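S.K.: Quick one, what's the 3D model for this:
(2 chains)
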Amino acid sequence: GAGVSQTPSNKVTEKGKYVELRCDPISGHTALYWYRQSLGQGPEFLIYFQGTGAADDSGLPNDRFFAVRPEGSVSTLKIQRTERGDSAVYLCASSLGAGAGDTQYFGPGTRLTVL
Amino acid sequence: TQLLEQSPQFLSIQEGENLTVYCNSSSVFSSLQWYRQEPGEGPVLLVTVVTGGEVKKLKRLTFQFGDARKDSSLHITAAQPGDTGLYLCAGARPRGKLQFGAGTQVVVTP
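M.R.: Here you go, the predicted structure:
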């Protein structure tokens, strides 16, 4: 069966540009998470969606970062005025629900490089 | 800031040897998860431990959760090259939010 997919797999952009990263979760999964993984680090939580709404966006580093999930399925992470420090792998995960027993399935990530 | 400390950061061993990876925190977690991540892929869940003192076995992998639910260990017996990867521990926060450690990179050479 299809897992979580993310596009693009790699994105190179210049400082100051706008980027969009897409996540296609597993069909039927209501919970969707975005994480950011910098080199040599574990993933860090950014935002969590339950259905269409952002239930927890406490991990977004600043107001340049925004994410949407308009129909409760596909999600897009948007980064404005990119900075070199935004370079990282952006991971998306989905799960059936948000309970402790719900396994999160991760996509392969989008590697963002800001020159 | 990683509130879950993993040690060692890097481990290189020969095939057939045993290894242990540690995950320590000052916080109590309702559950703790172990993942393995390979290059270019997302983390894949290996196990979830919930009860203090719990021990779970997955073939040659043994996972232990500390009595106080603040620390955990992963022991691999007779490591194989296929065990190579980044091992991550993650504590469960409310609403499914995971708090990850920095990971231990394990390399098993034939």
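S.K.: How about the most centrally placed residue in chain A: what's its closest non-neighbour residue?
M.R.: The centre of chain A sits closest to A:Trp34, judged by CA atoms, centre = their mean, with a distance of 3.2 Å. Spatially, and ignoring its direct neighbours in sequence, A:Trp34 is nearest to A:Leu46 (4.2 Å; CB to CB, 6 or more residues apart in numbering or on different chains). Heads up, the C-betas are built off the backbone N, CA and C, glycines and all.
S.K.: Just the endpoints, please. Distance across stretch B:64-76?
M.R.: 12 Å (CA to CA, to the nearest Å).
S.K.: What residues sit buried inside it?
M.R.: B:64-66, B:69-76 (16 or more other CB atoms under 10 Å in any protein chain shown).
S.K.: Likewise for stretch A:53-64?
M.R.: For stretch A:53-64, by 16+ other CB under 10 Å, it's A:54, A:56, A:59-60.
S.K.: out of the buried residues of stretch B:64-76, which are inside strands?
M.R.: B:64-65, B:71-76 (DSSP state E).
S.K.: Please report how far the residue of chain B at minimum distance from chain A lies from A:Gly109.
M.R.: Nearest residue of chain B to chain A: B:Gly42, at 2.8 Å (CB to the nearest CB). Computed with CB to CB, to the nearest Å, the distance linking B:Gly42 and A:Gly109 is 6 Å.
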